[in-house]
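Asks: test case, fold it:
(one chain, ligands or ions: 2)
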Amino acid sequence: MFDKIWDKHVITGKPGEPQLIYVDLHLLHEVTSPQAFEGLRENHRKVRRTDKTFATMDHNVPTVDIFNIQDEIARKQIDTLQKNAKEFGVRLAGMGDEDQGIIHVIGPQLGLTQPGMVIVCGDSHTATHGAFGSIAFGIGTSEVEHVLATQTIWQTKPKTMGIHVHGKLPRGVYAKDIIMGIIAREGVAFGTGYAAEFYGDTIANMSMEERMTLCNMAIEGGAKVGTIRPDQTTFDYVRGRKYAPKNIDKAIAYWQQFKTDDEAAFDKVIDFDVNDLAPYVTWGTNPGMAVPVDQRFPEIKDEDDRKAYDYIGLKPGEKATEIPIKWAFFGSCTNGRLSDLKIAAQILKGHHIAEGLTAWVVPGSRTIKEKAEEIGLDKIFKDAGCEWREPGCSACLGMNPDHVPAGIHCASTSNRNFEGRQGAGSRTHLASPAMVAAAAIHGHFIDLRKQEA
Ligand SMILES: CC(C)[C@H](C(=O)O)[C@@H](O)C(=O)O
Ligand code: SF4
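Replies: Numbers count the residues shown, from 1 in each chain. Ligands and ions are numbered 1, 2, ... in the order given. Next up is the predicted model:
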């Protein structure tokens, strides 16, 4: 599948060397676009295809009192994108706009993200869009400028890796646990140099939102690209969205060709059985430092482990159920979609978060926020003692006012648990929305498989 999409986009260049490939969709946010627009301006260039470019604001936006940005750098980046979009004629879902949200959430939501495309964005979690059967990857700021000016990018074709995921997930175990389980087993670099394709009966049975969670974290395993073959689930999801193709049946007929015909086509294949998968929780400072909730944290093998334990304030032999959770974050481009909020709300319903615990719920987009409110999720969260906030990246990373205090253990539905990621000294524990909801109630993680239905 990867090769089929790639080959359709090559303009020039030989295999094995950098090739110039055409870009169908260029997504922008306020953090990695300012210098790129500045470069265009200096060189008297225009944006070549404004109809294939779409921008939003997500990293810097406050999630309360959204028009009152205190931080000067944040305000400058937001103002600059506003100005650049206007000057260069780029579509922008700005602050307060009904389409505003995390770039990787709104692309699919608006039907911009489609099968068979090459999609780029100055952001590593662009891999998310691969869930639709597209080649989607993060690029640097100078590449953003190149794409703005030419609608093309130089890339060396990666090798391909098939990730065969099969079996039925146990109750209380989710797509997030699959990708965390794969990274915990294979390490944070196993995908380096590869474009990964997830396939198998587990994947075929997943919703688009689950598939996005999976592809979103492909980058945490080192793969710049994570893809899934487009199927009826994909087509049904895209149909009827704001920017979906007008002639959808014709588009679907075209998209059908994007599939891997034979496992033997992959340069490498790994196998992952989910029948006995447990919910995963990270104990350390990268997404690979994770264990099944019922297992003890590992012995110290190297300096990285020692540093991680020092930072996080935990010890080998302890368990996730013993971490004193004082903060919970529901949101991000990994798990800030409506289905994620529904799962969390279902667990929180009729309960209250633990004494002294703070919980933030940050929908991935304004549309999700409104939809959640229509079905009363906001009320469930608020009744449980959570704060219901405005859309954005929020506490996924400390580029806005939403910081977790130093020394505090935060159960988080996001994708990175690096040192200081959620604020200086903050201690992040990645898990699924269901696991975070349960941790918010109990003040520590629990094994969801052992809960009464
Ligand atoms: C700010 C941005 C460039 C960064 C990324 O590339 O992923 C951010 O979104 C992140 O999640 O760390
Ligand atoms: S939600 Fe987090 S991971 Fe996603 S784009 Fe924003 S900062 Fe990056």
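Asks: the closest residue to ligand 1 within the stretch 151-300 of the chain and Phe418: what is the separation?
Replies: Across the stretch 151-300 of the chain, the shortest distance to ligand 1 (C-beta to the nearest ligand atom) belongs to Ile219, at 7.7 Å. No exception for glycine: its C-beta is placed from N, CA and C like everyone else's. Counting by C-beta to C-beta, to the nearest Å, the separation of Ile219 from Phe418 is 13 Å.
Asks: tell me which of these two has more neighbours.
Replies: Between Ile219 and Phe418, Ile219 has the larger neighbour count (other C-beta atoms under 10 Å), namely 25 against 12.
Asks: so who does the more buried one touch?
Replies: Ser124, His125, Ala127, Gly138, Gly226 (C-beta atoms under 8 Å, 6 or more residues apart in numbering).
Asks: what secondary structure does it sit in?
Replies: helix (DSSP: H, G, I helix; E, B strand; the rest coil).
Asks: and Arg306, by the same measure?
Replies: Going by three-state DSSP: Arg306 is helix.
Asks: ok, for it, nearest residue in space, not its chain neighbours?
Replies: Spatially, and ignoring its direct neighbours in sequence, Arg306 is nearest to Ile300 (5.3 Å; C-beta to C-beta, 6 or more residues apart in numbering).
Asks: what's near enough to touch the one you found?
Replies: Contacts of Ile300 by C-beta under 8 Å, 6+ apart are Arg306, Tyr309, Pro316.
Asks: quick revisit: measure the residue of the stretch 151-300 of the chain closest to ligand 1 to Gly133 for me?
Replies: 18 Å.
Asks: neighbours of the closest residue to His166 other than its chain neighbours, how many?
Replies: The shortest distance from His166 to any non-neighbouring residue, by C-beta to C-beta, 6+ apart, is to Gly200 (4.2 Å). Gly200 is flanked by 17 other residues according to other C-beta under 10 Å.
Asks: got it, and Glu370?
Replies: Neighbours of Glu370 (other C-beta under 10 Å): 13.
Asks: mind telling me what element it is part of?
Replies: Counting by DSSP states H and E, the element that carries Glu370 is helix 366-374.
Asks: name the next helix or strand following that helix along the chain.
Replies: Following helix 366-374 toward the C-terminus (DSSP H and E): helix 377-383.
Asks: wouldn't Trp388 be in contact with Phe381 here?
Replies: Yes: the pair Trp388 / Phe381 is scored as a contact, 5.3 Å apart, by C-beta atoms under 8 Å.
Asks: residues in the protein within reach of ligand 1, list them.
Replies: Val31, Thr32, His59, Asp123, Ser124, His125, Gly138, Leu397 (C-beta under 6 Å from any ligand atom).
Asks: near ligand 2 too, which of those?
Replies: His59, Asp123, His125, Leu397.
Asks: ok, and the closest non-adjacent residue to the second one?
Replies: In other words, Asp123. Gly138 (5.2 Å).
Asks: likewise for Lys307?
Replies: In space, Lys307 is closest to Thr285, 7.4 Å off (C-beta to C-beta, 6+ apart).
Asks: contacts only, for the one you found.
Replies: Thr285 neighbours (C-beta under 8 Å, 6+ apart): Lys307, Ala308, Tyr311, Ile312, Asn417, Phe418, Glu419.
Asks: which of the residues you listed sits closest to ligand 1?
Replies: For these, the nearest to ligand 1 is Phe418 (8.4 Å; C-beta to the nearest ligand atom).
Asks: quick check: that closest one vs Pro298, distance?
Replies: 19 Å.
Asks: which stretches in the stretch 201-350 of the chain count as strands?
Replies: With strands called from DSSP state E, counting those that start in this stretch, the stretch 201-350 of the chain shows them at 225-228, 268-273, 280-282, 290-292, 325-330.
Asks: and the ones you listed: which comes nearest His26?
Replies: strand 225-228 (16.1 Å; C-beta to C-beta).
Asks: which residues touch the closest one?
Replies: Contacts of strand 225-228 (C-beta under 8 Å, 6+ apart): 1-2, 127-128, 130-137, 158, 194-199, 203, 211, 214-219, 234.
Asks: can you do 6 Å?
Replies: Applying C-beta atoms under 6 Å, 6 or more residues apart in numbering, the contact partners of strand 225-228 are 127, 130-131, 135, 137, 195-198, 203, 211, 215, 218.
Asks: check stretch 375-383 too.
Replies: Leu341, Ala345, Lys349, Val361, Ala372, Trp388.
Asks: now with 7 Å, please.
Replies: Outside stretch 375-383, the residues that touch it by C-beta atoms under 7 Å, 6 or more residues apart in numbering are Leu341, Lys342, Ala345, Leu348, Lys349, Val361, Ala372, Trp388.
Asks: try stretch 24-35
Replies: With C-beta under 7 Å, 6+ apart as the criterion, stretch 24-35 contacts 52-60, 77-78, 80-81, 84, 90, 103, 107, 112-113, 117-123, 141, 144, 147-148.
Asks: now intersect these with the strands, please.
Replies: Among the contacts of stretch 24-35, the members found in strands (DSSP state E) are Thr53, Phe54, Ala55, Thr56, Val118, Ile119, Val120, Cys121.
Asks: these two touch, right, the third one and Ala85?
Replies: In other words, Ala55. Yes: using C-beta atoms under 7 Å, Ala55 is in contact with Ala85, at 5.4 Å.
Asks: shared neighbours of the two, anything?
Replies: Common neighbours of Ala55 and Ala85 (C-beta under 7 Å, 6+ apart) are Leu92.
Asks: and these two? which has more neighbours close in?
Replies: Ala85 (25 against 22).
Asks: three-state assignment of the residue nearest to the more buried one when sequence neighbours are not counted?
Replies: Once flanking residues are discounted, Ala85 sits nearest to Leu92: 3.8 Å by C-beta to C-beta, 6+ apart. Put simply, Leu92 is strand when judged by three-state DSSP.
Asks: and stretch 433-445, which residues are buried?
Replies: Pro433, Ala434, Met435, Val436, Ala437, Ala438, Ala439, Ala440, Ile441, Gly443, His444, Phe445 (16 or more other C-beta atoms under 10 Å).
Asks: picking that back up, now the residue of the stretch 151-300 of the chain closest to ligand 1: how far from Trp360?
Replies: In terms of C-beta to C-beta, Ile219 sits 24 Å off from Trp360.
Asks: so what would you say the end-to-end distance of stretch 6-26 is?
Replies: End-to-end distance for stretch 6-26: 16 Å, by C-alpha to C-alpha, to the nearest Å.
Asks: what average pLDDT does that stretch get?
Replies: What stretch 6-26 shows for mean pLDDT is 97.
Asks: cool, and stretch 333-343?
Replies: Mean predicted lDDT for stretch 333-343 stands at 98.
Asks: now do stretch 373-391
Replies: Averaging pLDDT residue by residue across stretch 373-391 gives 98.
Asks: and it, C-alpha only, in PDB?
Replies: Provided in PDB are the C-alpha atoms of stretch 373-391 (Å, rounded to 0.1, in the frame of the first residue of the first chain):
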ATOM      1  CA  GLU A 373     -22.200  18.900  25.500                       C
ATOM      2  CA  GLU A 374     -25.100  17.800  23.300                       C
ATOM      3  CA  ILE A 375     -25.000  14.400  24.900                       C
ATOM      4  CA  GLY A 376     -24.400  15.600  28.400                       C
ATOM      5  CA  LEU A 377     -20.800  14.400  28.800                       C
ATOM      6  CA  ASP A 378     -19.700  17.800  30.200                       C
ATOM      7  CA  LYS A 379     -22.200  17.400  33.000                       C
ATOM      8  CA  ILE A 380     -20.900  13.900  33.900                       C
ATOM      9  CA  PHE A 381     -17.400  15.200  34.000                       C
ATOM     10  CA  LYS A 382     -18.300  18.300  36.100                       C
ATOM     11  CA  ASP A 383     -20.400  16.300  38.500                       C
ATOM     12  CA  ALA A 384     -17.500  14.000  39.000                       C
ATOM     13  CA  GLY A 385     -15.300  17.000  39.900                       C
ATOM     14  CA  CYS A 386     -13.400  17.400  36.600                       C
ATOM     15  CA  GLU A 387     -12.800  20.800  34.900                       C
ATOM     16  CA  TRP A 388     -14.400  21.000  31.400                       C
ATOM     17  CA  ARG A 389     -12.200  23.100  29.200                       C
ATOM     18  CA  GLU A 390     -11.800  24.700  25.800                       C
ATOM     19  CA  PRO A 391     -10.100  22.700  22.900                       C
END
